[in-house]
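Student: just a sequence and a predicted model for now, questions to come.
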Amino acid sequence: MAVFAVTGWIPMKIAGKGFKWFWNKSKPLAITVVVVISAVKIHSYVKKQNRRKKWNNAGKDVVVLHMFPRGHFCPNLSPFVVKLEMYLRMADIPYQVDYEEPVGPKGKCPWITLNGEEIGDSQLIMEKLGPMYNKDFSSALTPEQKAIAQGMRIMVDEHLLWCLVVWRYVVDAGRSLVVCMELPFYFAIMLRVFLGKIKQSTSAQGIGRHSYAEVEEMGRKDLNALSVYLGEKRYLMGDEPTEVDCAVFGMLSQIVWNSPNSPYLKMIETEFTNLQAYCQRIKERFWPDWNECLKPPLPRSQ
C-alpha cells in the first residue's frame with residue numbers, strides 16, 4: 001500500500017488536477033476528447049470480442065496459434081513460435097494460425113486459443129496438449145535420458161536464447177530483423193526505444209553485463225554441448241524426435257536462417273556441422289511446406 005501511495009496516488013492526483021484545469025479552460029474540447037477516447041476503447045473492445053468469437057468457432061479441439069508475422073527465410077523470428085508450431089506438426093494436432101493478436105494473456109508470444117481457453121507460454125502449452133491429445137514422445141526414454149533432455153531444453157530456452165538476444169539486438173542492433181521480416185512503417189521510429197529496453201533486459205538477466213566476446217564464448221559452449229550430444233544420431237535423443245527437439249530446432253532455426261553474418265552461424269557452418277544437418281532433417285520432415293510458410297511465400301521447388 002505504501003508503494004501505491006508513493007508511485008500511484010501522486011501521479012493520479014496530478015493528472016486529476018490537469019484534467020480539472022483543462023475542463024475549466026475548454027469544456028467542449030474536453031468533452032470531445034473524452035468521447036473520442038471512449039469511442040476508440042469501445043471499438044477496440046468490440047474488435048477484441050469479435051476476434052475471440054471467431055477463434056472459438058475454429059472447431060472443437062482445434063488449436064488457434066497466435067504468432068508474430070511470418071519471416072522471409074524462416075516461418076518465424078521467434079524461436080518459441082517455431083518450437084510450438086513444430087510440436088503441433090509433430091503431434092499431428094489440427095491448428096490454425098492467427099496474426100491479429102500475437103501477444104497473449106501473459107504478455108508473451110506465442111499463445112493459443114483452444115476450446116475457448118487462452119493459454120500462454122510455449123512450454124506450458126506443450127505440456128497441456130500432450131496429455132489432452134495422448135502424445136508423449138519421450139515415453140520411451142529412460143529417467144536419465146529425460147533428465148538430460150530437460151537440461152538441454154533449459155540450456156537452449158534460458159541460456160542460448162540470451163546469447164542470441166545479445167547478438168541480435170545489441171551487437172547487430174536489430175539489423176537482422178529488418179532483413180529477415182516485414183516490419184510496420186512505425187518500427188523505425190520505435191527501434192531505438194525497443195533496443196534500449198532489450199539492452200536493459202539483458203543487463204537485468206545478467207548476461208548483458210559481460211563483454212560481447214564472453215557472451216559469444218558462452219554461446220559457443222552451448223552449441224558445442226548440443227553438437228557433442230547429438231553426435232551422429234538423427235535426433236537429439238535417438239532415431240525419433242522428442243519434445244526437446246522442438247525447443248532445440250526452434251532456437252537453431254534462428255541461427256541458421258535468421259542470423260546472417262552472426263558468429264553463431266559461422267560456428268554451425270564450420271565447427272558444428274552436424275547441427276546444420278540436423279536442422280535440414282527436421283525441416284524436410286516436418287516442414288514440407290516451409291517455402292509456403294514464408295512471407296512472401298516461395299514455390300516449393302526453391
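Tutor: Perfect, I can see it now. Note that the structure is predicted; figures quoted are calculated from it, not measured. Residues are numbered from 1 along each chain as shown.

Student: how far off centre is stretch 112-128?
Tutor: 14 Å (C-alpha atoms, centre = their mean, to the nearest Å).

Student: thought Phe73 was touching Trp257?
Tutor: Yes - counting by C-beta atoms under 8 Å, Phe73 touches Trp257, with 4.5 Å between them. The C-beta positions use only the backbone N, C-alpha and C, and glycine is treated the same way.

Student: now stretch 272-283: how far from the chain's centre is it?
Tutor: In terms of C-alpha atoms, centre = their mean, the centre of stretch 272-283 is found 21 Å from the chain centre.

Student: ok, now which ones touch Pro75?
Tutor: By C-beta atoms under 8 Å, 6 or more residues apart in numbering, Pro75 lies in contact with Val81, Val82, Glu85, Trp287, Trp290, Cys293, Leu294.

Student: between the residues you listed, which is closest to Lys108?
Tutor: Nearest to Lys108 among the contacts of Pro75: Val81, at 10.5 Å, using C-beta to C-beta.

Student: got a list of what that closest one touches?
Tutor: Each residue near Val81 by C-beta under 8 Å, 6+ apart is listed here: Leu65, Met67, Phe68, Pro75, Cys109, Pro110, Ser122, Gly250.

Student: out of those residues, which end up buried?
Tutor: Leu65, Met67, Pro75, Cys109, Pro110, Ser122, Gly250 (16 or more other C-beta atoms under 10 Å).

Student: and the third one, how close does it get to Tyr278?
Tutor: Read it as Pro75. In this structure, Pro75 and Tyr278 are 17 Å apart, going by C-beta to C-beta, to the nearest Å.

Student: helices along the stretch 101-250 of the chain, start to end?
Tutor: Using DSSP state H, counting those that start in this stretch, the helices of the stretch 101-250 of the chain run over 122-132, 143-155, 161-165, 175-180, 187-205, 212-230, 243-258.

Student: check these for me and report the most buried one.
Tutor: Mean neighbour count (mean count of other C-beta atoms under 10 Å) peaks for helix 243-258 among those, with a mean of 26.

Student: that one: how far from the chain's middle?
Tutor: Distance, centroid of helix 243-258 to centroid of chain: 12 Å (C-alpha atoms, centre = their mean).

Student: so that helix versus helix 122-132, what angle?
Tutor: 140 degrees (axes from the mean of the first three to the mean of the last three C-alpha atoms, to 10 degrees).

Student: contacts only, for Leu230.
Tutor: Taking C-beta under 8 Å, 6+ apart as the test, what Leu230 contacts is Leu236, Asn274, Leu275, Tyr278.
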